[in-house]
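Chemist: how does the following fold in three dimensions:
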Amino acid sequence: MPLSQPEPTLRDYRDHLLLIRAWLAPLETWFTQFDDGPQDPSRLPTVHRVPTLDADLAHPAIPPGGPRVEPVDTASLRTDAAYRWGIAYVIEGSQLGGAVLYRQLAERFAPHPLQYLGPQPPGPRWKQFLDALRASVRAPADIDAACEGACRAFDDLLARTAALDGIAP
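Modeler: Sure thing, here's the model as predicted:
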């Protein structure tokens with residue numbers, strides 16, 4: 001990941017955002033066709049993270065340019081709710097890592113607000129997400145499907161990271 005450099009820069013943050021955007025934007029769009037499982041707003045309020053990510057990319061402190069990262073192909077994703085719970089698990093969990101990065105980088109990257117990494121703690125939403133996941137994914141087949149969705153989401157993210165680093169996945 002671009003921000004794993006010993007001394008990350010705003011250029012690394014830009015590259016991180018571009019990588020995450022190529023992964024997250026297609027998934028967020030794909031999720032909008034569903035209203036059950038993790039996309040049921042009565043279980044978990046909908047959060048659109050791409051606009052915040054785009055605002056960070058547009059901040060004047062961000063250097064122009066950056067790598068072209070291939071977006072995730074959602075056409076091959078399964079549509080069952082349990083599988084989507086797995087994908088959502090990786091997305092929601094990534095926000096915990098973002099909070100750690102925010103604490104490490106906020107001072108270094110000031111005056112950039114790092115809104116995508118978020119000054120707001122993700123803990124309450126993470127707890128709400130886990131409670132909804134535990135209540136929804138209980139049968140062994142659903143657990144397997146959720147694990148498959150999580151693995152797919154993580155593998156897709158790693159493939160983009162490897163491509164950015166010039167490593168064959």
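
Chemist: quick one: low-confidence parts of the protein?
Modeler: For the chain, the stretches with pLDDT under 70 are 119, 166-169.

Chemist: mind redoing it with 90?
Modeler: Within the chain, the segments meeting pLDDT under 90 span 1-2, 4-5, 96-97, 99, 118-124, 162-169.

Chemist: what are the boundaries of the helices in it?
Modeler: 10-31, 50-58, 81-109, 123-136, 140-165 (DSSP state H).

Chemist: for residue 90, which non-adjacent residue is closest in space?
Modeler: Counting by Cβ to Cβ, 6 or more residues apart in numbering, residue 90 lies nearest to residue 153, which is 3.9 Å off, once chain neighbours are set aside. All C-beta atoms are positioned from the backbone trio N, CA, C, and that covers glycine.

Chemist: and the residue nearest the centre of this protein?
Modeler: With distances taken as Cα atoms, centre = their mean, the residue of the chain nearest its centroid is residue 91 (4.0 Å).

Chemist: that residue contacts residue 156, correct?
Modeler: No - Residue 91 is beyond contact range of residue 156, at 11.1 Å (criterion: Cβ atoms under 8 Å).

Chemist: what sits against the nearest residue in space to residue 80 that is not next to it in sequence?
Modeler: Nearest residue to residue 80, sequence neighbours excluded (Cβ to Cβ, 6+ apart): residue 145, at 5.9 Å. Contacts for residue 145 were tallied using Cβ atoms under 8 Å, 6 or more residues apart in numbering; they are 78, 80, 82-83, 85-86, 137.
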